[in-house]
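>>> sequence and predicted model, in that order:
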Amino acid sequence: SVRCFSFLSCQCGCAKALPFMALSPGLDMRLPLRVVRLSLALVVTVQVASPSFLVAANESHSLQQTFAHKECSANPTCVGISGDCCPASNGEILECCLDTHPSPPGPPSVGSALDMVPSCDAHNVGFPNCGDIARCEGEYSESGSARVLTATSDRCAYVTFKTNLLLDQVLRLDADVFITPGTCSESDNLAFWFFQTVEFGDAFQEPASHWDILSEVDLFETFIGIGGVDSINSNFAGQGQQKPWKNLTITGGMRQHITMWQDVENLAGCPVTQSTARIGTTTVEYERPLPVVSIYVTHCAPGAPCCTGDDCKTLQSDPNTAQACITVKEAPLLFALSNWGAGHRVTPGCEIGAADVTVVQIGDE
């Protein structure tokens, strides 16, 4: 430790241990009230080697006059430490004593609008799902914050959205989604979904940066073929726990809010990494294992997130919440609105969309 004989001319390195002190020797310092209350003639020992303590006073000064309570439990930032802190029984003042007014946690973030650039990715979406008949140009429109897909013929319709977002950056994703009532039939295969991919290349040659079954999230989808009540669902390309949306129909339309979140505590017990990709019925080895995250999806009334912050953890055990372990690819999220239909035939005029798509990234909440 080093010893300083005056707070007003600290010339022996005190500023490193007490960051509120000036770095320049001899500088007239305006000390915080909590420090000024200590005697200016006080001999202070700065414990540089031990970050648990800040100062120890000589016996001529009563530290009990500086702090209202010496007990750790009586000082908000010392709660959890046993015994006395301000000062401790040996006369030392713990660091937690000097911050007696912690800032309360702020409200959970409502998210920022996700930058989604409309595109027609035939290579990764259109052709693999519907061949040459897939239509993108002219099928897409915007209305305020809503992104709308409207089939202009009986051919497959889709639109894709490029982002710069990586899956492991996502803490929570929110969107209002809808099927316009009376526009679609039970045979329409509708979806708002995403996976992770670069724009070009071959999935078999570059599996770490392209689609596979273990990396897709279908925020909402309708069952392929004839679908009625409960045919709308959240799923993960056939893996994980898919969940139907009770009492909602394709023909009657729906407007719901979707909340997707990452369980950073991994309470579902997902593997830490994934070594292989599943592309159709083929398994392809990665050059190195890729990380895996635990993803949950639920739906609720439109207009607001289904959950925020720790409230989402409560919904993880809800029987209507879908869950899966998703591989994190070395590529950004690509979103899509699509209607593949039954037998690649869709209902002309069938309209679906997503609005107010927002994201909360890791560290924002």
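Thanks, I have the structure now. Residues are numbered from 1 along each chain as shown.

>>> which pLDDT value goes with residue 77?
pLDDT, residue 77: 74.

>>> the nearest residue to it once chain neighbours are set aside in helix, strand or coil?
Distances taken as C-beta to C-beta, 6 or more residues apart in numbering place residue 96 nearest to residue 77, at 4.4 Å, with adjacent residues excluded. For every residue, glycine as well, the C-beta is placed using N, CA and C. Using DSSP: H, G, I helix; E, B strand; the rest coil, the structure places residue 96 in helix.

>>> distance of residue 96 relative to residue 85?
Distance, residue 96 to residue 85, using C-beta to C-beta, to the nearest Å: 6 Å.

>>> now do the shared contacts for the two.
72, 75, 78 (C-beta atoms under 8 Å, 6 or more residues apart in numbering).

>>> these in helices, which ones?
Among those, no member falls in helices (DSSP state H).

>>> mind putting those into TSV with neighbour count and distance to residue 121?
Shown next, in TSV, are the shared contacts of residue 96 and residue 85 (neighbours: other C-beta atoms under 10 Å; distance: C-beta to C-beta, whole Å):
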residue	neighbour count	distance to residue 121
72	20	58
75	21	57
78	22	56
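
>>> which ones are touching the nearest residue in space to residue 254 that is not next to it in sequence?
Spatial nearest neighbour of residue 254, excluding adjacent residues (C-beta to C-beta, 6+ apart): residue 248 at 4.5 Å. Going by C-beta under 8 Å, 6+ apart, residue 248 touches 229, 230, 232, 254, 256.

>>> bridged to residue 135, which residues?
residue 157 (DSSP bridges).

>>> neighbour count winner among residue 96 and residue 85?
residue 85 (26 against 20; other C-beta atoms under 10 Å).

>>> ok, residue 362 to residue 297 distance?
18 Å.

>>> more neighbours, these two?
Under the criterion of other C-beta under 10 Å, the comparison of residue 362 against residue 297 puts residue 297 first, with 27 against 12.

>>> so that one touches residue 240, yeah?
No: here residue 297 does not reach residue 240: they are 9.5 Å apart, not a contact under C-beta atoms under 8 Å.

>>> residues that sit against both of those two, list them.
322, 323.

>>> which stretches of the stretch 1-150 of the chain have low pLDDT?
Scanning the stretch 1-150 of the chain for pLDDT under 70 picks out the ranges 1-66, 79-80, 99-110.

>>> at 50 instead, please
The stretch 1-150 of the chain contains residues with pLDDT under 50 at 1-65, 100, 102.

>>> how long is stretch 130-138 end to end?
17 Å (C-alpha to C-alpha, to the nearest Å).

>>> from the chain's centroid, how far away is it?
33 Å (C-alpha atoms, centre = their mean, to the nearest Å).

>>> next one: residue 347 from residue 165, what distance?
When residue 347 is compared with residue 165 (using C-beta to C-beta), they lie 32 Å apart.

>>> what's the answer for residue 125, then?
17 Å.

>>> which one of these two is surrounded by more residues?
residue 125 (24 against 20).

>>> report the separation between the more buried one and residue 260.
Counting by C-beta to C-beta - residue 125 and residue 260 are separated by 19 Å.

>>> and for residue 236?
In terms of C-beta to C-beta, residue 236 sits 11 Å off from residue 260.

>>> how much space between residue 363 and residue 171?
From residue 363 to residue 171 the distance is 8 Å (C-beta to C-beta).

>>> which helix or strand contains residue 233?
strand 232-236 (DSSP states H and E).

>>> residues making contact with that strand?
179, 216-223, 242-245, 248-250, 254, 258, 295, 297-299, 322, 324, 326.

>>> quick one: mean pLDDT over it.
Rounded mean pLDDT across strand 232-236 is 95.

>>> list the buried residues for that strand?
232, 233, 234, 235, 236 (16 or more other C-beta atoms under 10 Å).

>>> quick check, nearest of those residues to residue 314?
residue 234 (17.7 Å; C-beta to C-beta).
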